[in-house]
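*Asks:* Structure for the following, please:
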Amino acid sequence: MDKYSGQKRAVHYLYPPIDAFDQRMLDVGNGHQIYVEQSGNLQGLPVVVFHGGPGGGCSPTMRRYFDPEIYRVVLFDQRGCGKSRPHAEIEANTTQHLIADTETIRKALGIEQWIAFGGSWGATLALLYAQAHPDRVACLVLRGVFLMMQRELEWFYGGGAGQFWPEVWDRFTALIPEAEQDDLIEAYARRLFSDDHTTEVKYARAWSSWENALASFHSNGQVGEAPAEYARAFARLENHYFRNGGFLERDDQILANMDRLADIPGFIVQGRYDMICPPRSAYLLHRAWPGSELRMVKNAGHAMSEPGISAELVGIMDKISEK
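*Replies:* Below is the predicted model:
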């Protein structure tokens with residue numbers, strides 16, 4: 001029963017909307033300013049939310065997984081996207097910069113230790129942040145695990161997912177000459193960084209549509225056209241990070257460093273039919289992390305809004321708050 005309505009939570013088991021009480025732009029150097037917001041209970045349990053992409057930006061809906069009476073919810077737009085500036089910028093924009101930005105936020109808000117919450121690329125960044133600063137993370141809550149490994153990129157941009165969605169895959173590849181289709185990430189990069197805004201938006205929308213069409217378990221493969229500037233930031237930043245292997249030192253860096261999280265508990269929520277981040281990565285992460293709990297959600301894909309995934313995430317946050 002939901003204490004706010006007296007009835008079972010109606011919207012994917014989510015908490016009622018909560019407004020941000022603190023919104024600010026934080027100068028993190030290199031010409032970048034990042035958008036940071038807080039909502040919920042200022043004296044509550046701090047949780048930092050890592051959005052996906054890279055380049056996706058945070059959304060007010062991300063606040064709805066947390067009881068506002070219990071949690072102090074910190075959302076931020078990573079470099080180059082959302083309300084952060086400069087928009088769609090890849091200079092001085094690497095994983096190491098994002099990890100450092102997260103620490104800058106923590107110190108600016110006077111938080112000693114917090115829960116790291118993230119899905120997809122947000123799960124990647126949450127894990128890398130925790131491995132770099134394990135003393136600052138009390139717990140991890142992850143969804144739709146992406147380990148930033150080459151095999152994951154090959155699955156999604158090399159035709160693996162396209163075997164299940166051939167008509168959507170054809171739309172994605174049709175914009176690229178056949179001679180360049182052996183490396184779609186590089187082929188799209190030439191157009192996303194063409195210095196012609198019209199060209200960049202055209203290919204950014206195609207890049208974004210390929211991913212968005214596969215996000216939901218109930219998708220029919222058709223998605224609306226993404227706003228131009230959102231798509232441009234999303235596609236340019238994803239492509240930039242993927243071309244550079246996430247700026248990691250080795251392909252299996254996250255799994256190789258899981259010993260650093262030996263004393264940190266974690267929850268992994270994974271859609272069984274996730275076409276963007278297949279369950280193998282979540283399983284391998286769980287196997288390398290004895291302190292984790294894996295919850296495989298049947299009849300669910302990648303999206304955070306999937307009813308089964310939302311219910312698990314809210315249930316986990318409620319469980320943590322009871323400890």
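*Asks:* ok, residue 101 - contacts?
*Replies:* 26, 28, 32, 34, 76, 78, 79 (Cβ atoms under 8 Å, 6 or more residues apart in numbering). For the C-beta atoms, the positions are set from N, CA and C on the backbone; glycine is no exception.
*Asks:* Assign the fourth one to helix, strand or coil.
*Replies:* Yep, that's residue 34 we're talking about. Under DSSP: H, G, I helix; E, B strand; the rest coil, residue 34 falls in the strand class.
*Asks:* how many other residues sit next to it?
*Replies:* Counted by other Cβ atoms under 10 Å, the residues lying close to residue 34 total 25.
*Asks:* Would you agree it is in contact with residue 76?
*Replies:* Yes. In this structure, residue 34 is within contact of residue 76 by Cβ atoms under 8 Å, at 5.7 Å.
*Asks:* what residues do those two have in common as contacts?
*Replies:* Going by Cβ under 8 Å, 6+ apart, residues that sit against residue 34 and also against residue 76 are 26, 84, 101, 105.
*Asks:* Which residues belonging to the helix or strand the first one falls within are considered buried?
*Replies:* Put plainly, it is residue 26. Per DSSP states H and E, residue 26 falls inside strand 20-29. For strand 20-29, burial by neighbour count (16 or more other Cβ atoms under 10 Å) applies to 26, 28.
*Asks:* what's the answer for stretch 288-300, then?
*Replies:* When burial is assessed from 16+ other Cβ under 10 Å, stretch 288-300 yields the following buried residues: 288, 289, 292, 294, 295, 296, 297, 300.
*Asks:* Find the residue closest to the first one in space, skipping its chain neighbours.
*Replies:* The spatially closest residue to residue 288, leaving aside those adjacent along the chain, is residue 258, at 4.3 Å (Cβ to Cβ, 6 or more residues apart in numbering).
*Asks:* Quick check: the gap between that neighbour and residue 121.
*Replies:* Distance from residue 258 to residue 121, counting by Cβ to Cβ, to the nearest Å: 18 Å.
*Asks:* Please identify which of the two sits among more neighbours.
*Replies:* residue 121 (27 against 19).
*Asks:* Surely that one and residue 147 touch.
*Replies:* No. Assessed by Cβ under 8 Å, residue 121 is found out of contact with residue 147, at 10.6 Å.
*Asks:* Let me see the contact set for residue 78.
*Replies:* 34, 50, 51, 53, 54, 55, 57, 84, 98, 101, 125, 237.
*Asks:* contacting residues for the closest residue to the fourth one other than its chain neighbours?
*Replies:* I take that to be residue 53. In space, and not counting its chain neighbours, residue 53 is closest to residue 121: 5.0 Å by Cβ to Cβ, 6+ apart. Counting by Cβ under 8 Å, 6+ apart, residue 121 touches 50, 51, 52, 53, 54, 56, 146, 148, 238, 241.
*Asks:* Need these in a markdown table (columns: secondary structure).
*Replies:* Compiled in a markdown table, those are given as follows (three-state DSSP):
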| residue | secondary structure |
| --- | --- |
| 50 | strand |
| 51 | coil |
| 52 | coil |
| 53 | coil |
| 54 | coil |
| 56 | coil |
| 146 | coil |
| 148 | coil |
| 238 | helix |
| 241 | helix |
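*Asks:* So which of the residues you listed is the closest to residue 268?
*Replies:* Within these, proximity to residue 268 (Cβ to Cβ) peaks at residue 146, which comes in at 11.8 Å.
*Asks:* how many neighbours does that closest one have?
*Replies:* Residues within reach of residue 146, counting by other Cβ under 10 Å, total 29.
*Asks:* And the pLDDT for it?
*Replies:* Here, the pLDDT recorded for residue 146 equals 98.
*Asks:* go on, residue 272?
*Replies:* Looking at residue 272, its pLDDT reads 98.
*Asks:* where do the strands sit along this structure?
*Replies:* 20-29, 32-40, 45-50, 71-76, 114-120, 137-145, 266-271, 292-297 (DSSP state E).
*Asks:* where in the protein is pLDDT low?
*Replies:* 1-13 (pLDDT under 70).
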